[in-house]
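>>> Dropping a prediction and its sequence here:
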Amino acid sequence: TRSPTASAGMEPAAHVLVFPWPLQGHINCMHHLATALLDAGLHVTFLHTHHNLRRLATKPAPALSQPRLRLLSIPDGLPEDHPRSVAHLNDLMDSMRTTGSAAYRALLLASSSNKDGHPPVTCVIADGVMAFAVDVAEEVGVPAIAFRTASACSFLTYLSVRRLVELGEFPFPSDQPVSGVPGMEGFLRRRDLPRAPRPAGSATDDCGVDPMLLNMGECTVHSGEARALILNTSASMEGPALAQIAPHMRDVFSVGPLHVAAGTGTKSTAPTASLWREDDGCMAWLDGQQDRSVVYVSLGSLTVISEEQLAEFLSGLAATGYAFLWVLRPDMVAGGTTTSLAAVKTLVGEKQARVVHWAPQRDVLRHPAVGCFLTHAGWNSTLEAAYEGVPMVCWTFFGDQLINSRFVDTVWRTGVDIKDVCDKAVVEKAVREAMESAEIRAAAQAMARQLRLDVADGGSSSSEIKRLVAFIRDLL
Ligand code: UDX
């Protein structure tokens, strides 16, 4: 069969298979990347797992109706009733490496010819967390680019894991300075280095060198074997880290923040890729609040806290007197959310607090009533807050979040890092500071202005998207 052709009518069409690690924070930004590629005229196959595609399909408006987009899925290899939670990430990694990988290989082989009006797949953009996805694509003759969903500063830290272990600086949590990550010698402490997820409520110093962290280090090094690396960041935010990474990769594209279409500078029109149903009733509640009077609290898609930690957060927030909007996922509090909801009602009542299972976060952060964001400093959340100029209070749970929060506090000065300290007095003080500090607000707004320039036509990230599209077309 003849390939469908590009709009010029002559050249074969570029068709990218986008393959995220099947968790919410990874799906979101790869989804935005897919939107940018579609906007540039490429064909895209977005590869979910069966489990996630079923979750997306049960929501009221799942349709992705763009004709050049195809959604496909493969098994993740886990039983349907497996929790797929943060405590079981190794199960997911193992089963994706075996069952998922075999299905992915078969799908790539089948995609070498035209299917359902789509041209053959000409390039893979795979989540770099899955090194196998790069290797399998290249083995079957499809060029592969690695995409990492986290910050450049965390990528550089993972790239330095071997050195950190050699120096004995990893993982012991303390305030001692770290010398093993180039360019960060002046401000990085051991307690800012990535940490494995902890059981809810566990002490802060019980984290050995988890195999997951070593594996992250290995797959980060492995991204150097892909045709290029894409990072959801901008040169203005992370220029020094990007410069340190570049010599280790074949090429690096810094295209973020991707949740605003980097090619056009306009708000992304990407349909939502939320695995949870968004409760947008909170937007009307926000409409009824004064400007900059509300603390938005969300700890992302994976964080799990204990009831004691919830109580500390709640008491600290209540003591500030500010109203707050809290995202309390059904699986977020060890022991269940029923008692937690009752606790919120007893302590503060409906007027001061609104609780939702899942919020339309980008709309919430854009709302003028929001004065600061109490967050786990996941990279998507960090970028979304940065783009809206919202000051942050960072309480971190695992992985890249620990280093992101250090940058927020010490490098960008757009928020306050309480790291892993969950104590009501600390929460109260940090929230007051983020709500009231003119310096923090000014830094956050300056960063937002710069990011708007970066994604506008001619800005650094917008230009990087164009360069990436040209790079993909050149692979044909
Ligand atoms: C994790 C890592 O922490 C992150 O750094 C990495 O890049 C991806 O994996 P997660 O913990 O889920 O992700 O956090 P984050 O990166 O912040 O992503 C959460 C996403 O869910 C954000 O895009 C946020 O807008 C969205 N979200 C969160 C909602 O849409 N509604 C909510 O109520 C909460």
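Good, I have the coordinates. Quantities reported herein were computed from a predicted structural model and do not represent experimental measurements.
>>> Show me which residues of the stretch 201-350 of the chain sit near the ligand.
Within the stretch 201-350 of the chain, the positions near the ligand by Cβ under 6 Å from any ligand atom are 274, 298, 300-302, 327. From N, CA and C alone the C-beta is placed, and that goes for glycine too.
>>> Could you identify the pair within these that is furthest apart?
Greatest spatial distance in those: Ser274 and Leu302, 14.2 Å, computed using Cβ to Cβ.
>>> Looking at those two, which one has more neighbours?
The residue with the greater number of neighbours, taking Ser274 and Leu302 and applying other Cβ atoms under 10 Å, is Leu302; the counts read 23 against 19.
>>> Nearest spatial neighbour of the more buried one, chain-adjacent residues omitted?
The shortest distance from Leu302 to any non-neighbouring residue, by Cβ to Cβ, 6 or more residues apart in numbering, is to Val86 (4.4 Å).
>>> burial count for the one you found?
Here the neighbour count serves as a burial measure; for Val86 (other Cβ under 10 Å) it reads 21.
>>> What pLDDT is listed against it?
Reading off the confidence values, Val86 has pLDDT 87.
>>> quick one: which of the residues of the stretch 201-350 of the chain next to the ligand is nearest Leu69?
Of those, the one sitting nearest to Leu69 (Cβ to Cβ) turns out to be Ser274, at 17.3 Å.
>>> For Cys123, give me phi and psi.
Here the main-chain torsion angles of Cys123 (degrees, to the nearest 10) amount to phi -160, psi 150.
>>> wait, what's in contact with it?
Taking Cβ atoms under 8 Å, 6 or more residues apart in numbering as the definition of contact, the neighbours of Cys123 are 14-17, 142-145, 472, 475.
>>> And the helix ranked longest in the chain, what does it pack against?
Scanning the chain for the helix with the most residues, using DSSP state H, yields helix 438-455. Under the contact criterion of 3 or more Cβ pairs under 8 Å, 6 or more residues apart in numbering; DSSP states H and E, the helices and strands touching helix 438-455 comprise helix 235-245, helix 379-388, strand 415-419, helix 460-474.
>>> who's in contact with the nearest residue to Gly378 once chain neighbours are set aside?
Spatial nearest neighbour of Gly378, chain neighbours left out: Gly300 (4.2 Å); criterion: Cβ to Cβ, 6+ apart. Contact analysis of Gly300 by Cβ under 8 Å, 6+ apart lists 24-25, 375-376, 378, 380-381, 397.
>>> Which element, helix or strand, includes Gly300?
Using DSSP states H and E, Gly300 maps to neither a helix nor a strand.
>>> and whichever residue of the stretch 251-400 of the chain sits closest to the ligand, what is it in contact with?
Nearest to the ligand, among the residues of the stretch 251-400 of the chain, is Gly378, at 2.3 Å (Cβ to the nearest ligand atom). Contacts of Gly378 were listed using Cβ under 8 Å, 6+ apart, and they are 25, 300-301, 400-401, 404.
>>> can I get those residues in a markdown table with distance to Met249?
Below are these laid out as a markdown table (distance: Cβ to Cβ, whole Å):
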| residue | distance to Met249 |
| --- | --- |
| Gly25 | 22 |
| Gly300 | 27 |
| Ser301 | 28 |
| Asp400 | 18 |
| Gln401 | 23 |
| Asn404 | 21 |
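>>> next helix or strand past the helix or strand of the chain with the lowest mean pLDDT?
Ranked by mean pLDDT, DSSP states H and E, the helix or strand of the chain with the weakest confidence is helix 338-347, at a mean of 75. Of the helices and strands lying after helix 338-347 in sequence (DSSP H and E), the nearest is helix 349-352.
>>> which secondary structure elements does the following helix or strand past that following helix contact?
Once helix 349-352 ends, the next helix or strand along the chain (criterion: DSSP H and E) is strand 353-356. Strand 353-356 is packed against helix 281-287, strand 323-327, helix 338-347, with contacts defined by 3+ Cβ pairs under 8 Å, 6+ apart.
>>> Would you tell me which of the ones you listed gets closest to Ala246?
strand 323-327 (36.3 Å).
>>> and that closest one, which strands flank it?
With DSSP bridges as the test, strand 323-327 is paired with strand 294-298 (parallel), strand 353-356 (parallel).
>>> Could I get the buried residue list for the helix or strand just after the longest one?
Yep, that's strand 294-298 we're talking about. Tracing the chain past strand 294-298, the next element assigned as helix or strand by DSSP H and E is helix 307-320. Neighbour counts using 16 or more other Cβ atoms under 10 Å place 307, 309-318, 320 of helix 307-320 among the buried residues.
>>> what's the answer for stretch 172-185, then?
Buried residues in stretch 172-185, counted by 16+ other Cβ under 10 Å: 173, 178, 180-181, 184.
>>> So, low pLDDT: which residues of the stretch 1-150 of the chain?
Segments of the stretch 1-150 of the chain classed as low confidence (criterion: pLDDT under 70) are 1-11, 58-65.
>>> cutoff 90 now
Residues of the stretch 1-150 of the chain that meet the criterion pLDDT under 90 lie in 1-12, 55-67, 83, 85-90, 112-118.
>>> So which residues on it come close to the ligand?
Within the stretch 1-150 of the chain, the residues that sit near the ligand (Cβ under 6 Å from any ligand atom) are 23-26, 28, 149-150.
>>> For my notes, please list the residues you listed in a markdown table and give distance to Gly256, neighbour count and secondary structure for each entry.
Supplementary listing: these in a markdown table, determined by distance: Cβ to Cβ, whole Å; neighbours: other Cβ atoms under 10 Å; DSSP: H, G, I helix; E, B strand; the rest coil:
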| residue | distance to Gly256 | neighbour count | secondary structure |
| --- | --- | --- | --- |
| Leu23 | 18 | 20 | coil |
| Gln24 | 17 | 19 | helix |
| Gly25 | 14 | 20 | helix |
| His26 | 14 | 21 | helix |
| Asn28 | 12 | 27 | helix |
| Thr149 | 10 | 28 | coil |
| Ala150 | 11 | 29 | coil |
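>>> Check the stretch 1-150 of the chain for the residue nearest the ligand and tell me.
For the stretch 1-150 of the chain, the nearest residue to the ligand under the criterion Cβ to the nearest ligand atom is Gly25, separated by 2.2 Å.
>>> residues in contact with that residue?
By Cβ under 8 Å, 6+ apart, the residues touching Gly25 are 149, 300-302, 378-380.
>>> ok, now which ones touch the nearest residue to Pro143 once chain neighbours are set aside?
For Pro143, the nearest residue in space outside its immediate sequence neighbours is Leu475; the separation is 4.7 Å by Cβ to Cβ, 6+ apart. For Leu475, the set of contacting residues under the criterion of Cβ under 8 Å, 6+ apart consists of 14, 122-123, 143, 227.
>>> and if you look at Thr149?
In this structure, Thr149 makes contact with 20-21, 25-26, 29-30, 127, 129, 232, 379-380, judged by Cβ under 8 Å, 6+ apart.
>>> of all the residues you listed, which two lie farthest apart?
Using Cβ to Cβ, those span at most 14.6 Å, a distance reached by Val129 and Asn380.
>>> what comes up buried for stretch 284-295?
In terms of neighbour count (16+ other Cβ under 10 Å), stretch 284-295 has its buried residues at 285-286, 289, 292-295.
>>> Out of these, the closest to Met216 would be?
For the buried residues of stretch 284-295, the minimum distance to Met216 (Cβ to Cβ) is 31.5 Å, reached by Val295.
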